[in-house]
Each structure stands twice: as structure tokens, then as C-alpha cells.
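[1] model this:
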Amino acid sequence: MFPTFDLDKFLHQLVYDENNPLLFNNGFFVYLFFIFIILYYLLRNNLTARTNLFCLTSLYFFYKASGYFVVLVIISAIADFLISNAIYKSKSLIKKKALLIFSITLNLGLLFYFKYSNFAIQILNDIFLFQVHPLNILLPVGISFYTFENISYTVDVYRGEFVPVKKFNEYLLFLSFFPKLVMGPIVRAKDFIPQITLPFHITKEDFANGFVLIVSGLFKKLIISDYITLNYVNYIFDAPERYSGLECLFAVYGYAVVIYCDFSGYSNIAIGIAQWLGFKIPPNFLYPYQSLDITDFWRRWHISLSNWLRDYLYIPLGGNRKGKLRQYLNLAATMLLGGLWHGASFNFIIWGGLHGIALSIHKLWHQATKKITNHWQKFGIYQFFSLLLTFNFVCFCWIFFKASSLTEAVTMINQICYHLNFSVWNRFWENYHSVIIMIAFGLGLHFIPARYNHRFTLGLQRIGLVGYAIIFLLLVLTYGYFKSSDQVLPIYLQF
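    You can find the predicted model right below:
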């Protein structure tokens, strides 16, 4: 007997399902990508056709990930495409500025409405004792990412750093490029758009690099991050008052591994898929927990956001050009807004503020002790304690990032500070040894030198298809062993 074809079930797979949004780890994505890559290869020599195919696939991917919010991407693409060309053609500086302000207002206005309206209502209710009810607003997936890309595009055109594209499909592809649309990285038009018209050409090294990025990204997200999240971190953070200080402390360290593996894993997949399609996207993470100070951490963590905040916020505010005090205030303001970018919550503002204060203190400390610091940096013991201090400060800040409320964050800190008892270690290990091993394994992978990853990629090229197949099969088997019935959505999907 042949299996019957269920047309209704098939058609249901083609439409948006809010309980099962389309992501890279979704089985439907594999089929979609397989069909796309065949068509893309067939159309590789027809620039217009392959660009249009890419746009349609990207928009459909976004529809499957977020429903009818895909219309927002199209509207914002049309608006900024027209505005940027008007800025470029205008001979009047006043008109250019007016158009730029209109573009920024339009983009930030949409972002504010969807992301911060209820937060603003909450603040007004608390301050003025209003009784305004929250609005029934859903947050569009990826709006924080493509809003920043729109703004950087029009700003670069205004500054004369980039000539706007004349073909709308090229701008739409830049904005909707499906590997990075949902959760970044935040890509600059001047880095991405010139690649659209290049001939499609993939070398063995490109394929190997893409494969390693995709497989390592899936491993970090689906196995390490999801396992620690479901088996430990979530229920500790949900009710920290019920757990000991030791359990809360390891939940913080566990979350440090979770958020890194989750977001860097998804970024790796996006960059790897892009490389398979002939596009080079810079890395978004460079071993951030190896940082010896907080400034270095922000050169390694969410690099695309860090660079965006530096170029379009910190430097326009004055950067370090207007004295030390102004520099520290600019750093604090930039990180406060960076925290707010992540979410409409005082917890995110505190998280950003703490990093802003730390960056300012580090600048001040470095200036005051430059000669001493430069001398001691040569010694391993100094590097060890610098790394330890930086890592633990970052972990402390993650408490505010993860906690659902300020009360929960304070409770978590209170448990660690006043109820930390190592005498319960044996029982703790007995209950959570598999999670502790996974946390240690995740951190251990993070400290593997980059040169070994490069050697592995080169070795993979020599092994060929057999090597790719074996590694992918091992990933599938490992995932099958650790897979849970509960789906863990990527952390940065909410931003």
C-alpha cells in the first residue's frame, strides 16, 4: 500500500504557524532551502532572475517566521529606497537633512510603536498614576535588526559614503536576505550590496567554511544551549528563591554558556549559509569570554551591533573627541540605549548601564595605570585574573538580562550572596552532574584556539564528501540523543 497524500496537511505546511515559526533548525527549512539552492544554481548567470528569486524566497521565509509582519519589511524597504535616492539626488543640504530626519523618525517610530509603546504606558501609569491599559501589540520578528540596517543605509548615503542602488530588488534583497533577516547579524549595505552583482562562484574552501559554521552553529544551539536551558537554567531563573545559592550561581554560569551558544550558533548558521550562496558576512562573535577586559569583550561580542552603536551613536555623540568626561558620558549613553535596544524593560536598561559604567571605569583605569598595565600584561597570572574578573562581571550582568523582572534579578543575587553553601556540593553534583559537564564542555569549546578550527576546515577539504557526510550524521545522531520534546526558540528572536 502506498501512503496517501494529504493535501490539507501539505497546504497547512505552506502557511504561517505561530506555534512553529520557521527557523534554520526546522525540517521545513531544509526542503525550502533545497528547492531554493537548485533554482538559484540554475539561474546563477541571470542576475535579475536570481535576485528576484532571492527576494521572493527571503520574503516567504520571513512570512513563515513571522506571518503578515512581512508587510512591514516591504513597506520599510520601499520607504528607505525612495528616501535614500532622494537624499542622494538633492543639492540642498537642508533638504538632505530633512529627508534623513524623516527616515530616522519613520524607522524609529515603527520600532517604538511595536516595541516600546506598552513600556512607555507602564512608566506613565507609574509616575502619574494613570490607568491606561496596555495595547494589544505583537512584536514583529527581526524589527530591531532591519530597522538598524535601514538607518545605517540612509545615514551612509547622507554622509556620501555609499551611492544608493537604483534597482529596488537589490535594496529589498539587502534588507530581507533570509540568512540574517530574523536575528542578524546587522549587515552594512556598503559591505553587502556590491556582492549582489558578483558572479556566483563557490570554492572548496567556501563550502568547507560554510559547512563548519553551519554544523558548529547547530551543535552549539540545538545541543549545548537547548540542553542547559531546558534541564537547568530556565527553572532556576523562574523561581530563584526556591534554590540554594550554589544552584543559582551555576545557573548564572550556565546562562552565560546558553546565550553565547544560542546567539553565536545562530549567527554561525546565518554566515555559513550566506557563504554557500556566495556572500561574505563578517563574524559576529570572536571568542568573547576570552576577553581580558570589558572593552575587549565588546570588540568580540555581537560585533555587528557593537560596531553599529559605535559608528551611528557613540561617534555622532562626540566619541572621545570632546574630553574625558564627555567620553565617559557618551559611553554610558550608548550602552544604555544599547540595552534598551534589546528590550522594553528596566532590566535591559540596567544591563546596558552596568556595561556603560564598566567601559568608562576601564578607560579611566587604563589611562591612570597604562605603564603598569602594559608591563603586567606580559605575565600569565595577570591575564588569568583579568579574564576571570571580566568573565564574572559579564556573568553578573547576564542576571539582569535573563531575569524576567528586577525582583527576580535581585532575588537571584541575594541567593548567591547570602545562601551560598559549598557543603551541599555532593548532593548538587549528584542531581546536576550532566548539566555541569555540559556547561564545562561549552566553555571548553569556547577556549579552543582559532588555529585549530582553521586546521579542521583544511582537513575537511581533503576528506571530501565522505567527511562531510560522517560529520553531519554524527550531528544528527547526537541531536537525536539530546533532543527534547519542548522547542527552545532562539533567545534573540524576541529582539
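[2] going on from the helix ranked longest in the chain, what's the next piece of helix or strand?
    Secondary structure assigned by DSSP state H gives helix 93-128 as the longest helix of the chain. Note on helix 93-128: by DSSP states H and E, the next helix or strand toward the C-terminus is helix 143-159.
[3] about what we covered before: show me which positions of the longest helix of the chain end up buried.
    Neighbour counts using 16 or more other Cβ atoms under 10 Å place 96, 99-100, 103-104, 106-107, 110-111, 114-116, 118-119, 122 of helix 93-128 among the buried residues. C-betas here are computed from N, CA, C, even on glycine.
[4] And stretch 407-418, by the same measure?
    Of the residues in stretch 407-418, those buried (16+ other Cβ under 10 Å) are 408, 409, 411, 412, 413, 415, 416.
[5] Can you tell me which of those end up in helices?
    Per DSSP H, the buried residues of stretch 407-418 map to helices at 408, 409, 411, 412, 413, 415, 416.
[6] For the fifth one, which non-adjacent residue is spatially closest?
    The spatial neighbour of residue 413 that comes closest, neighbours along the chain excluded (Cβ to Cβ, 6 or more residues apart in numbering), is residue 399 at 6.3 Å.
[7] Identify the residues contacting residue 418.
    Contacts of residue 418 were listed using Cβ atoms under 8 Å, 6 or more residues apart in numbering, and they are residue 245.
[8] quick one: pLDDT of it?
    For residue 418, the pLDDT comes out at 94.
[9] ok, now how distant is it from residue 229?
    26 Å (Cβ to Cβ, to the nearest Å).
[10] Tell me, what's the model's pLDDT at residue 378?
    pLDDT at residue 378 comes out at 65.
[11] Residue 138 too?
    Turning to residue 138, the model gives it a pLDDT of 86.
[12] before we move on, what about the one 5 residues further on?
    Listed pLDDT for residue 143 reads 93.
[13] so it touches residue 114, yeah?
    Yes: under the criterion of Cβ atoms under 8 Å, residue 143 makes contact with residue 114 at 6.0 Å.
[14] hang on, the earlier thing: chain center to the helix or strand containing the residue nearest to residue 413: distance?
    Under the criterion of DSSP H and E, residue 399 resides in helix 380-402. In terms of Cα atoms, centre = their mean, to the nearest Å, the centre of helix 380-402 is set 20 Å apart from its chain centre.
[15] what's it in contact with?
    Identification of contacts with helix 380-402 by Cβ under 8 Å, 6+ apart yields 233, 237, 252-253, 255-256, 259, 288-294, 296-297, 342, 347-348, 350-351, 354-355, 358, 376-377, 406, 409, 412-413.
[16] Can I get that helix in PDB? Just the C-alpha atoms.
    Extracted in PDB, the C-alpha atoms of helix 380-402 (Å, rounded to 0.1, in the frame of the first residue of the first chain):
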ATOM      1  CA  GLY A 380      50.100  34.800  32.600                       C
ATOM      2  CA  ILE A 381      48.900  35.400  36.200                       C
ATOM      3  CA  TYR A 382      47.700  38.900  35.300                       C
ATOM      4  CA  GLN A 383      46.000  37.700  32.200                       C
ATOM      5  CA  PHE A 384      44.300  34.900  34.200                       C
ATOM      6  CA  PHE A 385      42.900  37.200  36.800                       C
ATOM      7  CA  SER A 386      41.900  39.800  34.200                       C
ATOM      8  CA  LEU A 387      40.000  37.100  32.300                       C
ATOM      9  CA  LEU A 388      38.400  35.900  35.500                       C
ATOM     10  CA  LEU A 389      37.300  39.400  36.500                       C
ATOM     11  CA  THR A 390      35.900  40.200  33.100                       C
ATOM     12  CA  PHE A 391      34.100  36.900  32.800                       C
ATOM     13  CA  ASN A 392      32.500  37.200  36.200                       C
ATOM     14  CA  PHE A 393      31.400  40.800  35.600                       C
ATOM     15  CA  VAL A 394      29.800  39.800  32.300                       C
ATOM     16  CA  CYS A 395      28.000  36.900  34.100                       C
ATOM     17  CA  PHE A 396      26.800  39.200  36.800                       C
ATOM     18  CA  CYS A 397      25.200  41.400  34.200                       C
ATOM     19  CA  TRP A 398      23.600  38.400  32.500                       C
ATOM     20  CA  ILE A 399      21.400  38.100  35.600                       C
ATOM     21  CA  PHE A 400      19.500  41.300  34.700                       C
ATOM     22  CA  PHE A 401      19.500  40.200  31.000                       C
ATOM     23  CA  LYS A 402      17.900  36.800  31.700                       C
END
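[17] That'll do, ta.
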